[in-house]
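Quick one, what's the 3D model for this:
(one chain, ligands or ions: 1)
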Amino acid sequence: MRAVVRDLKEQGLELPTRVTAKERYGSLIWKVPTLSAVIRILHNPAYAGAYVYGRWEYLSERRSPKTGKASARARSVAQWPVNITAHHPAYLSWEEFVKNQERLRQNWSHEGNRGVPREGSALLQGLVYCSVCGRKMSVQNRAAKDQRSPSYICGRGYQDGDEKICQSMTSRPVDAAVVEAFLTAVSPISLQVATQVLDQVEQDLIVQRRQRELQLEQARYEVRLAQRQYDAVDPSNRLVAAELERRWNEKLERVAQLERTYTQAERDAEWKLTAEERAAITDLSGDLPAIWSAETTTNQERKQLLRMAIESVQLDGIRQAGQVEIQIQWRSGTITSLIVKRAAPGEGSLKTPAEAVSRIHEMAPRRTYAAIAASLNRAGLRSAFGRRFTTQHIGYICRRDGLTKSKPNSRLKSKDGSDTASSVES
Ligand SMILES: [Zn+2]
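I've put the predicted structure just below:
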């Protein structure tokens, strides 16, 4: 998490956030966005025009052994204690929102058709269908030592007795095309949602104000009560009168204090979007790609994000030789059609930047893998997959290029002629 924050800070990306702690409640601060923050935003019912309260229940019997905090469990929509639909203008209908939440719940549990997104680099796991025969396609992961990217494979028919598998293709070019379409499609949504979140906080502020008013009313009532008790006491009973006067003063002081808090809270809550803030929110539409590619964002999180927008993806690698036809069925009901080139063996695999390779060649005779990795990272160079270099990366390239005498280049590059191209970082 610290690394995400660092990445995004380097890029200067921030998200407007309302302070929800008691101190300075409602004041606006700018925070570096995290993927989980984006996911939370996309789940927000404010997007569907609702004001809700109590989406989580806190189970006092189950507490974190570390912090002692009660553990939270999401309530289903029907169980939310406060749920005012059609509260403010919506971007999607309430019915649609509920349907989506139900689907998300299904999709993210074992009961759902699509299953739980697992770690693994095939991002469309559970979403891909075969356009040729209509069956669901599965992911064929390669052993890590093969250094090959996974494939999408329609193999159910083969299992059921067909002569051969229906079709298969390397996941990488397909994923790349779908991700690009996703980031393009989702950016304007994230922008709208961010604005909705701010609206949601405005609504929270209204609730807070009501609570403060009630507190004040209660305190004023107690003052009147104390005053009546003081008035009613026999003045000759000085001890009792003094005590009642002390209590009355206490109540008065409490009212004064609440009034000050109230005024301060009102002042803090007063907030209008400045032109600058508006511009920053507009820039949010460009933030998603950065979050997406952040080093510490996991594939599991990427899959979750894709599933928020994508219903299914149909693949046809048969109709046109050397190409895969992709149809993305969005949750919104629209369809996007794309065509990508199939990865031929060896071709199109990601390459370690030439500059990094030449520096590795230069340093290999004199320096350790770790020192080389550190040096490349300092120079801002990244691996074929855009990651920081590790000892393993450097070791791999040295062995591949025969740079290490003690460890000869023992492994030959895959000569496999299937369509599942080698994904060796080369
Ligand atoms: Zn098929």
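
Which stretches in the stretch 101-250 of the chain count as helices?
156-159, 171-232, 238-269 (DSSP state H, counting those that start in this stretch).

among those, which is nearest residue 77?
In terms of C-beta to C-beta, the element of these nearest to residue 77 is helix 171-232, at 16.0 Å. C-beta here means a position set from N, CA and C on the backbone, and glycine is covered the same way.

that older thread, reformat the helices of the stretch 101-250 of the chain as TSV; add distance to residue 353, mean pLDDT and mean neighbour count.
Below are these laid out as TSV (distance: least, C-beta to C-beta, whole Å; pLDDT from 0 to 100; neighbours: other C-beta atoms under 10 Å):
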stretch	distance to residue 353	mean pLDDT	mean neighbour count
helix 156-159	40	76	14
helix 171-232	18	77	17
helix 238-269	50	84	14
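
closest one to residue 317 among the ones you listed?
Among these, the nearest to residue 317 by C-beta to C-beta is helix 171-232 (8.9 Å).

As JSON lines, the helices of the stretch 101-250 of the chain with distance to residue 302 would be great.
Output for the helices of the stretch 101-250 of the chain, formatted as JSON lines (distance: least, C-beta to C-beta, whole Å):
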{"stretch": "helix 156-159", "distance to residue 302": "26"}
{"stretch": "helix 171-232", "distance to residue 302": "8"}
{"stretch": "helix 238-269", "distance to residue 302": "37"}
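
which stretch among these comes nearest the ion?
helix 156-159 (6.3 Å; C-beta to the ion).

how close does residue 293 sit to residue 172?
15 Å (C-beta to C-beta, to the nearest Å).

before we move on, the earlier item: would a markdown table of the helices of the stretch 101-250 of the chain with distance to the ion be doable?
Output for the helices of the stretch 101-250 of the chain, formatted as a markdown table (distance: least, C-beta to the ion, whole Å):
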| stretch | distance to the ion |
| --- | --- |
| helix 156-159 | 6 |
| helix 171-232 | 15 |
| helix 238-269 | 58 |
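
So for residue 382, which of these sits nearest?
Here helix 171-232 is closest among those (C-beta to C-beta), at 16.7 Å.

Can you list the residue ranges for helices in the stretch 301-426 of the chain?
Going by DSSP H, counting those that start in this stretch, the stretch 301-426 of the chain shows helices at 354-363, 369-378, 391-400.

Name whatever forms a beta bridge with the closest residue to residue 319 other than its chain neighbours.
Using C-beta to C-beta, 6 or more residues apart in numbering and skipping the chain neighbours, the partner closest in space to residue 319 is residue 325 (6.2 Å). For residue 325, the beta-bridge partners are residue 316, residue 339 (DSSP bridges).

And the one 4 residues further on, by the same measure?
Applying DSSP bridges to residue 329 gives these bridge partners: residue 312, residue 335.

pretty sure it is in contact with residue 309, am I right?
No - the pair residue 329 / residue 309 is not scored as a contact, 10.4 Å apart, by C-beta atoms under 8 Å.

how would you label residue 57: helix, strand or coil?
Of the three states, residue 57 takes strand under DSSP: H, G, I helix; E, B strand; the rest coil.

Roughly how far does it sit from the ion?
44 Å (C-beta to the ion, to the nearest Å).

Quick check, pLDDT for that residue.
As predicted, residue 57 sits at a pLDDT of 75.

what's the burial count for it?
Per other C-beta atoms under 10 Å, the neighbour tally for residue 57 reads 15.

for it, which residues make a bridge with it?
Bridge pairing for residue 57 - DSSP bridges - gives residue 73.

what about it, distance to residue 76?
10 Å.

Close to the ion: what parts of this protein are there?
Within reach of the ion by C-beta under 5 Å from the ion, the chain has these residues: 130, 132, 133, 135, 154, 166.

how about the nearest residue to the third one, chain neighbours excluded?
Among residues not flanking residue 133 along the chain, residue 166 sits closest, at 5.3 Å (C-beta to C-beta, 6+ apart).

Now for residue 388, how many residues are close by?
15.

Quick check: pLDDT value at the residue nearest to it when sequence neighbours are not counted.
Leaving aside its chain neighbours, residue 388 sits nearest to residue 377 (4.9 Å; criterion: C-beta to C-beta, 6+ apart). If you check residue 377, the pLDDT there is 89.

try residue 326
Listed pLDDT for residue 326 reads 96.

Also residue 316?
On the pLDDT scale, residue 316 is placed at 95.

One more: the one 5 residues further on?
Predicted confidence (pLDDT) for residue 321: 88.

quick revisit: now the residues of the chain next to the ion as JSON lines including pLDDT, distance to residue 51 and neighbour count?
Output for these, formatted as JSON lines (pLDDT from 0 to 100; distance: C-beta to C-beta, whole Å; neighbours: other C-beta atoms under 10 Å):
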{"residue": "130", "pLDDT": "93", "distance to residue 51": "44", "neighbour count": "24"}
{"residue": "132", "pLDDT": "91", "distance to residue 51": "48", "neighbour count": "16"}
{"residue": "133", "pLDDT": "89", "distance to residue 51": "47", "neighbour count": "14"}
{"residue": "135", "pLDDT": "89", "distance to residue 51": "44", "neighbour count": "14"}
{"residue": "154", "pLDDT": "91", "distance to residue 51": "46", "neighbour count": "25"}
{"residue": "166", "pLDDT": "91", "distance to residue 51": "50", "neighbour count": "19"}
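
in stretch 298-316, what counts as buried?
Within stretch 298-316, the residues scored as buried using 16 or more other C-beta atoms under 10 Å are 301-316.

And stretch 383-391, by the same measure?
Buried residues in stretch 383-391 (16+ other C-beta under 10 Å): 383, 384, 389.

For the residue nearest to residue 319, give me its contacts.
131, 315, 316, 317, 319, 337, 338, 339 (C-beta atoms under 8 Å, 6 or more residues apart in numbering).

Would you mind checking those residues for buried ones?
Buried subset of the contacts of residue 325 (neighbour count, 16+ other C-beta under 10 Å): 131, 315, 316, 317.

tell me which of those is nearest to the ion?
Using C-beta to the ion, residue 131 is the member of these that lies nearest the ion, at 7.8 Å.

Tell me the bridge partners for residue 169.
Here residue 169, judged by DSSP bridges, has bridge partners residue 152.

Any idea how many residues pack against it?
Residue 169, neighbours per other C-beta under 10 Å, totals 26.

Residue 342 is in contact with that one, correct?
Yes - Residue 169 lies in contact with residue 342 (C-beta under 8 Å); the separation is 6.1 Å.
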